[in-house]
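Engineer: pasting the structure only:
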């Protein structure tokens, strides 16, 4: 997982939580089922290896979820507005700004990632 792929997100000062794609897609589904507006903009790399969730600035300082990283952006970015172009070379939008206007709440994302990890572990143990 290369957190540097998402080091320049499309919102001023947003941090980016990077997770493996499978866990990230499960988390997006969980967040959308719970409260449709609970998930903010999400980007994916072109190799479909990782997803990046935009979270409020300062999240990286306390982020400790195993299997993920949170990268500070120090205000680099394009602004949280509809962005037709991918925010980082070699990436694209899964949920673009405009469809998901606010950064994802880190506490809500942490819970969704935990639930996603448990679902994946349960599914894999049945194989």
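Structural biologist: Good, I have the coordinates. Fair warning: this is a prediction, and the values are worked out from it, not measured in the lab. Numbering: from 1, shown residues only.

Engineer: find the least confident helix or strand in this protein, judged by mean pLDDT.
Structural biologist: Least confident helix or strand, the chain: strand 91-95 with a mean of 87, by mean pLDDT, DSSP states H and E.

Engineer: which other residues reach whichever helix or strand comes after that strand?
Structural biologist: On the C-terminal side of strand 91-95, the nearest following helix or strand under DSSP states H and E is helix 106-125. Helix 106-125 is contacted from outside by 17, 19, 22-24, 26-27, 30-31, 34, 38, 53, 55-56, 59, 62-63, 65, 67-68, using Cβ atoms under 8 Å, 6 or more residues apart in numbering. For every residue, glycine as well, the C-beta is placed using N, CA and C.

Engineer: again, only this time at 10 Å
Structural biologist: 15, 17, 19-20, 22-35, 38-40, 53, 55-56, 58-60, 62-68, 70, 103-105 (Cβ atoms under 10 Å, 6 or more residues apart in numbering).

Engineer: how close does residue 114 sit to residue 42?
Structural biologist: In this view, residue 114 and residue 42 are 17 Å apart by Cβ to Cβ, to the nearest Å.

Engineer: with adjacent residues omitted, what lies nearest to the spatially most central residue of the chain?
Structural biologist: Nearest to the mean C-alpha position of the chain, by Cα atoms, centre = their mean, lies residue 53 at 1.5 Å. Among residues not flanking residue 53 along the chain, residue 17 sits closest, at 4.5 Å (Cβ to Cβ, 6 or more residues apart in numbering).

Engineer: tell me the SS of that neighbour?
Structural biologist: At residue 17 the chain is in strand, as set by DSSP: H, G, I helix; E, B strand; the rest coil.

Engineer: neighbours around it, how many?
Structural biologist: 28 (other Cβ atoms under 10 Å).
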